[in-house]
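Quick one, what's the 3D model for this:
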Amino acid sequence: MSTNEPPKNSQEETKVLNLGKFAPNQPAASPSEPGEEGQTLFFLRAASEAAQPGGPGVVAPKAGNAIPAKELLGAVAYCYAKGVYSSSEIEGRMLRDPKLRAATHDEIPNAQAIRRFRRTNRAAIQQTLEKWYRRLRKSKPTTAVMPGAQPPEPSPLPPGPAVAPSSENTSIFVKREASDRLDKAAFIDNMETD
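Modelled structure (predicted):
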């Protein structure tokens, strides 16, 4: 075997996602859970808020899908934040998660259902992602860029006398990051064939 050959598993393949946390009827987790556990809990809460009355609303998946709408919303937004955009890849990750498969009796949404869910719930996914990026921005204001996210480009013009307040910059960053993730998911899904 040549030393110049790429490893058999790419970084994308070895990235572990805790999709089992998005299974229905999971016990409530502690809000102080570190790392990946805390991230999944955050996405579950943000998705639950987006699904509430007054939010953008969430259209439930078609019959036969054992993952309720708000859990699927959290799982899809979580995948996008982690750099997994393809609906086929999200389906594959769900199928490879034994905890999720057991909790749903192997009723995992297929790629077509995930694409349809993304299209019909864009506003709710956007809101969930915005909450995530706002959290990141507050915790690390100057370096809060998720892997795969593009840092803001410097302006070619010198700053004018009136510089936008920090909260306005955060708002622009948050909306752009969330929208870019959704656009990338739509683009990748459009490139795939069923």
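
residue ranges of the helices in this structure, please?
For the chain, the helices defined by DSSP state H occupy 11-14, 35-51, 69-81, 87-95, 98-103, 111-120, 122-139, 166-191.

Ile90 contacts Val84, correct?
Yes: here Ile90 reaches Val84: they are 6.0 Å apart, a contact under Cβ atoms under 8 Å. No exception for glycine: its C-beta is placed from N, CA and C like everyone else's.

Who are the contact partners of the closest residue in space to Lys70 that isn't next to it in sequence?
What sits nearest to Lys70 in space, not counting adjacent residues and going by Cβ to Cβ, 6 or more residues apart in numbering, is Ala51, at 4.2 Å. By Cβ atoms under 8 Å, 6 or more residues apart in numbering, the contact set of Ala51 is Gly57, Val58, Ala69, Lys70, Leu73, Ala124.

Compare Ile90 and Val84 and say which one has the larger neighbour count.
More neighbours surround Ile90 than the other of Ile90 and Val84, with 28 against 21 (other Cβ atoms under 10 Å).

any chance of the contacts of Ala51 in TSV, with neighbour count, pLDDT and distance to Leu136 too?
Listed next are the contacts of Ala51 as TSV, based on neighbours: other Cβ atoms under 10 Å; pLDDT from 0 to 100; distance: Cβ to Cβ, whole Å:
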residue	neighbour count	pLDDT	distance to Leu136
Gly57	14	67	25
Val58	23	78	23
Ala69	18	87	25
Lys70	23	88	22
Leu73	30	93	19
Ala124	25	93	19
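
Make CSV from those and add distance to Arg101 to it.
Below are these laid out as CSV (distance: Cβ to Cβ, whole Å):
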residue, distance to Arg101
Gly57, 28
Val58, 23
Ala69, 19
Lys70, 19
Leu73, 19
Ala124, 25
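
Read off the pLDDT value for Pro53.
For Pro53, the pLDDT comes out at 75.

ok, now how distant is it from Leu129?
Using Cβ to Cβ, to the nearest Å, Pro53 is found at 21 Å from Leu129.

Show me which of these two is the more surrounded one.
The neighbour comparison of Pro53 against Leu129 (other Cβ under 10 Å) goes to Leu129, with 27 against 5.

quick revisit: tell me the one of the contacts of Ala51 nearest Gln39?
Nearest to Gln39 out of those is Leu73 (Cβ to Cβ; 15.1 Å).

The closest one and Ala47 touch, don't they?
Yes: Leu73 is within contact range of Ala47, at 4.1 Å (criterion: Cβ under 8 Å).
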